[in-house]
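Undergrad: Sequence first, predicted model second:
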Amino acid sequence: MSNEPLPVFYISDKRSLYLGRSRAPLREIHAGNSWFLICLSGQVRFRANGHENWISAKSLLIPAGSKITIDNRDAVSSAFYLDAAKPDFAALKGMMQPTPSGIYCHHSHQDHLIQNLIELRDQEPDFDTAQACLEELIYGPYGERRSELKIDPRIEHVVQRIRETASENLSVKELAKEINMSESGLIKLFRKNIGAPIRKHRLWYRLTNFITCVMAGKTIPEATTLAGFSDASHLSKCYSGLMGVPVSVAFARTPTIKCIISDEKLSMAEQMEPQSIRLPTDPYELFSRMAS
């Protein structure tokens, strides 16, 4: 087994951070959650669904609901998976340039971000320290103006409820009743604020729950069921579509990533030290067939 350090993934159902160390293959992504990609070295080029032109960039902001193809060439990337219940997206959007496809690129402080993210990756601090650093990187440029960034409290409530019940299929009708809205009104409001439908957004939390269950020592079938996926095929399709890499790459026979999970996520399973993903069963062949 190689002694080379692994990429690091700080996982939470609020804000997650991936810090790469080498080129990772990316596919077409249909984002269920808004996320921010920044290259620690090199650059990527991207093309949104329905647009023919490729755009090269070192940083890009992808709204939830976007369909995008990324050619990462030889770039080493990091990614912020943003907190939908906070104005993370609005803060980053204000520092970037829009494109005709609705994707944003060229963060005005990207060199500063890159330097800090490389230091964070190499130091591998605990989850809380990494989150504090991430908070500063997202909102730091706003200083005292941060209070200008707001999110609709009704959306904040719905997002939190989706997180809490991710493994269930809580209906739009039930969610709408909780915030005293009609179903159609909530659907429109959620789409306007989040970008993706409620069902698509829910899948992101199911993925983080699946990874947490695997880290806690659950078998793949147990973790799949506990996270709310109907079967391994459903999991494989969602993982590839939302994360941009096949599940067979993420869960290979040997560890491919080091996961550090928040206390909130670990509360759903037994407490354990951060460790590399080592599956209690070997799903590699099954996932390889599904991801092809």
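TA: Okay, I see it.
Undergrad: From here on, just use CA atoms for contacts and neighbour counts.
TA: Fine.
Undergrad: out of everything not next to it in sequence, what's closest to G65?
TA: In this structure, G65 finds its nearest non-sequential neighbour in A196, 4.1 Å apart by CA to CA, 6 or more residues apart in numbering.
Undergrad: Just give me the neighbour total for that neighbour.
TA: Using other CA atoms under 10 Å, A196 has 22 other residues around it.
Undergrad: For it, what is the enclosing helix or strand?
TA: Using DSSP states H and E, A196 is not contained in any helix or strand.
Undergrad: Same question for K200.
TA: With DSSP H and E as criterion, K200 is part of helix 198-215.
Undergrad: mind checking how far that helix is from the chain centre?
TA: Relative to its chain's centre, helix 198-215 lies at 10 Å (CA atoms, centre = their mean, to the nearest Å).
Undergrad: Which neighbouring elements make contact with the helix or strand following that helix?
TA: Next helix or strand after helix 198-215 toward the C-terminus (DSSP H and E): helix 220-227. On a contact count with 3 or more CA pairs under 8 Å, 6 or more residues apart in numbering; DSSP states H and E, helix 220-227 meets helix 198-215, helix 232-243.
Undergrad: and L37, which of these is closest to it?
TA: helix 232-243 (11.9 Å; CA to CA).
Undergrad: Tell me which residues of that closest one come out buried.
TA: For helix 232-243, burial by neighbour count (16 or more other CA atoms under 10 Å) applies to 232-233, 235-236, 238-243.
Undergrad: Among the residues you listed, which one lies nearest to K58?
TA: Taking CA to CA as the measure, K58 lies nearest M243 of the buried residues of helix 232-243, at 18.7 Å.
Undergrad: Quick check, central residue of the chain?
TA: For the chain, the residue nearest the mean C-alpha position is Y81 (3.5 Å; CA atoms, centre = their mean).
Undergrad: What residues are bridge-paired with that residue?
TA: S16, W35 (DSSP bridges).
Undergrad: do you know how far it is from F89?
TA: Computed as CA to CA, to the nearest Å, the Y81 to F89 distance reads 10 Å.
Undergrad: okay, the buried residues of helix 232-243 in a markdown table with pLDDT next?
TA: A markdown table is the format used below for the buried residues of helix 232-243 (pLDDT from 0 to 100):
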| residue | pLDDT |
| --- | --- |
| A232 | 79 |
| S233 | 80 |
| L235 | 79 |
| S236 | 78 |
| C238 | 78 |
| Y239 | 73 |
| S240 | 71 |
| G241 | 70 |
| L242 | 68 |
| M243 | 68 |
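Undergrad: still on that earlier bit, might you report the residue contacts of the residue nearest to the centre of the chain?
TA: 15-17, 33-36 (CA atoms under 8 Å, 6 or more residues apart in numbering).
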